[in-house]
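S.K.: Build the 3D model from these lines:
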Amino acid sequence: MDSNVIRLDPEPSILIESLRDIGYSFNSALADIVDNSISANASSIRILAIPSSEFKIGIIDDGEGLDRDDLKQAMRLGSNDPRQKRALNDLGRFGLGLKTASFSQCRRLTVISRRDDNVAAFTWDLDRVVAQNNWSVIEHTNPEDIPFFGELGESGTMVLWEKLDRLTGERGSGKVNHPRIISEAQDYLSLVFHRYLAGERGLNRISIQVNNLCLSPIDPFNTKHHASQSSPAEQICPGVTMQSFTLPHRSHYDSQQEYEYYGLNGGYLKSQGIYLYRAKRLILYGTWFGLAKKTALTQLTRVKIDVDVNQDEVWKIDVKKVSAQMPEGVRARVKSLITTIGTPSKKTYRRRATRLTSPDVFPAWDVVQDGEKRIYRINRKHPVIANLTNSLDPIDSKALDTTLSLIESSFPTESLFYDFANSEENVALPALQDEAFDDAAKTFFSSLKQAGRDDETILSIMHYAEPFQSRWQETLGALGIKEQ
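M.R.: Here you go, the predicted structure:
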């Protein structure tokens, strides 16, 4: 069979615009540049995002730097072979990240690097590529006039983004909320690189600054909290280890702000699941990979899976390093452990539910088991309710019982479940006003006193009963008692 080989080179002006739409977000693009700095053994990475009419971003590190030939190669699209075996600390893979991440945000990318007192600088200007329709970069022989050049140290690299049209619009016509963009980037980097920022064992500790603000690591497992629970780390297969964590319940935090901090941006329900790390850099999080549903009972469960850099192809980690697919061998093992993994989180909530409905603390609500159903009813034996019932004549007592039954039967179960599942921290019960609270405390105490309980026993019961437990000093004040 006769055949001809015809060369079809891609049109630079068309392909360069297509490369901009791989799917990077601003934060993931920024993280990809930080990856290069870490791979270059940088200990300090500074990000300067100057909110001006011509928004510019500079990422400067103190890494090993590149000479002219190496930098020229690094500016080439596809500068590395993804099939090559990677160094353990190499966060790159495709040789595309520097360029595609940058192109996704800006139309002008400049990289300056200093090594052994030699400085090299090259620029990709996409407008020039489109106009001339060829793959050519600009080499700077006198880079001193490039913005932020003076920030470069004795060795290291600076990546400069200019013409950030994806943020500012064409010709800077769009309005940019600089504080929001910068704040979200700080949170994202603090989470993605938290193990490097903390100087985890086996890693060189790095410092990341954004506009001179030093980032603190956001540990999604809250491992330093005394109420956090963790399982032993397990090697699932060569190059893959797993460890599960159960975060503390809200009651263990000193403030609502601290509790919400560890809920991350999506809250506890959405942030539960697997946290996948490649070379101890967070790739993606808050997913069960289709192995389980996200439920309110398992929302405190987070699972850390570490894979090494040679697992990329098996896990199908993409060029942006924000998505992956769990291989079947790992999937089978994790699926078999799902029930065990979520048990501590479920126990945390079930223990609290049991305590709040225990008859020993006279809950306002009873849970009655009726076959497979659990029915919630207002506790008629609660001292305050019983005291009111006993003070009424039979007709009014019956009317009260009818009223309570109406409240029980119209309880907004579906609405409460939906709100609780989506944002537990934003669900609240109305608080008793001061006068009503004092009356309830006095009535509760006197009712149990009339039933023959001694003072110490009654106070012990009230100390574990709501709403008195959470307002204990007010309870003592209402009863005229000073705590010793």
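S.K.: Kindly report the domain assignment for this structure.
M.R.: 12-214, 229-355 (automatic domain parsing).
S.K.: Can you give the distance from the longest one to the centre of its chain?
M.R.: In other words, domain 12-214. Put simply, domain 12-214 sits 24 Å off its chain's centre (CA atoms, centre = their mean, to the nearest Å).
S.K.: Can you give me the end-to-end span of it?
M.R.: 40 Å (CA to CA, to the nearest Å).
S.K.: from now on call the first residue 5
M.R.: With 5 as the first residue, the last one maps to domain 16-218.
S.K.: ok so, going back, can I get the domains of the chain in JSON lines including mean pLDDT, distance to residue 386 and mean neighbour count?
M.R.: Placement of C-beta: from N, CA and C, glycine included. What follows is the domains of the chain, written out as JSON lines (pLDDT from 0 to 100; distance: least, CB to CB, whole Å; neighbours: other CB atoms under 10 Å):
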{"stretch": "domain 16-218", "mean pLDDT": "88", "distance to residue 386": "45", "mean neighbour count": "17"}
{"stretch": "domain 233-359", "mean pLDDT": "86", "distance to residue 386": "16", "mean neighbour count": "17"}
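S.K.: Identify whichever of those lies nearest to residue 393.
M.R.: domain 233-359 (25.6 Å; CB to CB).
S.K.: Assign the spatially closest residue to residue 232 that is not a sequence neighbour to helix, strand or coil.
M.R.: Leaving out its chain neighbours, the residue that sits closest to residue 232 by CB to CB, 6 or more residues apart in numbering is residue 226, at 5.1 Å. Assigned by DSSP: H, G, I helix; E, B strand; the rest coil, the conformation of residue 226 is coil.
S.K.: I figured residue 226 was touching residue 253, is that so?
M.R.: No. With contacts counted by CB atoms under 8 Å, residue 226 stays clear of residue 253, the gap being 11.6 Å.
S.K.: ok so, going back, so which of the domains of the chain comes closest to residue 412?
M.R.: Residue 412 lies closest, by CB to CB, to one member of these: domain 233-359, at 17.8 Å.
S.K.: how distant is the closest one from the center of its chain?
M.R.: Using CA atoms, centre = their mean, the mean C-alpha position of domain 233-359 is found 11 Å from that of the whole chain.
S.K.: rewinding a little: what distance do you get for the residue nearest to residue 232 to residue 40?
M.R.: Residue 226 sits 30 Å away from residue 40, taking CB to CB, to the nearest Å as the criterion.
S.K.: The helix or strand encompassing residue 247: what's the following helix or strand?
M.R.: Assessed by DSSP states H and E, residue 247 sits inside strand 244-250. Later in the chain than strand 244-250, the nearest helix or strand by DSSP H and E is helix 260-265.
S.K.: that older thread, what about the residue nearest to residue 232, neighbour count?
M.R.: Close neighbours of residue 226, defined as other CB atoms under 10 Å, add up to 20.
S.K.: who touches it in this structure?
M.R.: Residues counted as contacts of residue 226 (CB atoms under 8 Å, 6 or more residues apart in numbering) are 232, 249, 251-252, 266.
S.K.: what's the spacing between it and residue 456?
M.R.: Going from residue 226 to residue 456 by CB to CB gives 46 Å.
S.K.: now swap in residue 123 and tell me
M.R.: For residue 123, the distance to residue 456 - CB to CB - is 89 Å.
S.K.: Could you export the contacts of residue 226 as JSON lines, including distance to residue 171?
M.R.: Shown next, in JSON lines, are those (distance: CB to CB, whole Å):
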{"residue": "232", "distance to residue 171": "37"}
{"residue": "249", "distance to residue 171": "35"}
{"residue": "251", "distance to residue 171": "34"}
{"residue": "252", "distance to residue 171": "38"}
{"residue": "266", "distance to residue 171": "29"}
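S.K.: Just name the closest of those residues to residue 130, please.
M.R.: Set against residue 130, the nearest of those by CB to CB is residue 266 (40.7 Å).
S.K.: Would you check that the closest one makes contact with residue 224?
M.R.: Yes. If you go by CB under 8 Å, residue 266 and residue 224 touch, sitting 7.2 Å apart.
S.K.: hey, where'd the strands end up in the stretch 105-254 of the chain?
M.R.: 112-119, 122-129, 142-143, 160-166, 211-214, 217-218, 233-234, 238-241, 244-250 (DSSP state E, counting those that start in this stretch).
S.K.: now those strands in JSON lines, with distance to residue 314?
M.R.: Formatted as JSON lines, the strands of the stretch 105-254 of the chain follow (distance: least, CB to CB, whole Å):
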{"stretch": "strand 112-119", "distance to residue 314": "27"}
{"stretch": "strand 122-129", "distance to residue 314": "30"}
{"stretch": "strand 142-143", "distance to residue 314": "35"}
{"stretch": "strand 160-166", "distance to residue 314": "25"}
{"stretch": "strand 211-214", "distance to residue 314": "26"}
{"stretch": "strand 217-218", "distance to residue 314": "33"}
{"stretch": "strand 233-234", "distance to residue 314": "26"}
{"stretch": "strand 238-241", "distance to residue 314": "12"}
{"stretch": "strand 244-250", "distance to residue 314": "11"}
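S.K.: which one of those lies closest to residue 321?
M.R.: strand 244-250 (12.7 Å).
S.K.: what's the closest one packed up against?
M.R.: strand 233-234, strand 238-241, strand 305-311, helix 332-360 (3 or more CB pairs under 8 Å, 6 or more residues apart in numbering; DSSP states H and E).
S.K.: Among those, which comes closest to residue 63?
M.R.: So among those, strand 305-311 is nearest, using CB to CB, at 25.7 Å.
S.K.: Work out for me the element residue 329 sits within.
M.R.: Using DSSP H and E, no helix or strand contains residue 329.
S.K.: Make JSON lines from the helices and strands packed on strand 244-250 and add distance to residue 181 to it.
M.R.: What follows is the helices and strands packed on strand 244-250, written out as JSON lines (distance: least, CB to CB, whole Å):
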{"stretch": "strand 233-234", "distance to residue 181": "38"}
{"stretch": "strand 238-241", "distance to residue 181": "42"}
{"stretch": "strand 305-311", "distance to residue 181": "30"}
{"stretch": "helix 332-360", "distance to residue 181": "36"}
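S.K.: Nearest to residue 119, out of the ones you listed?
M.R.: Going by CB to CB, the one of the helices and strands packed on strand 244-250 nearest residue 119 is strand 305-311, 31.3 Å.
S.K.: So what touches that closest one?
M.R.: With contact meaning CB under 8 Å, 6+ apart, strand 305-311 is reached by 224-225, 240, 243-251, 275-282, 284, 289, 319, 334, 338, 345-346, 348-349.
S.K.: ok, then the element right after it?
M.R.: Immediately after strand 305-311, counting by DSSP H and E, sits helix 316-319.
S.K.: Give me the helices and strands touching that next one, please.
M.R.: strand 277-282.
S.K.: Kindly export the strand it packs on (C-alpha atoms) in CSV.
M.R.: Taking C-alpha atoms only, strand 277-282 is exported to CSV below (Å, rounded to 0.1, in the frame of the first residue of the first chain):
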residue,chain,number,x,y,z
GLY,A,277,-13.7,12.1,53.0
ILE,A,278,-10.3,11.4,51.4
TYR,A,279,-7.4,13.8,51.3
LEU,A,280,-5.0,12.7,48.5
TYR,A,281,-1.4,13.8,48.7
ARG,A,282,1.3,13.4,46.1
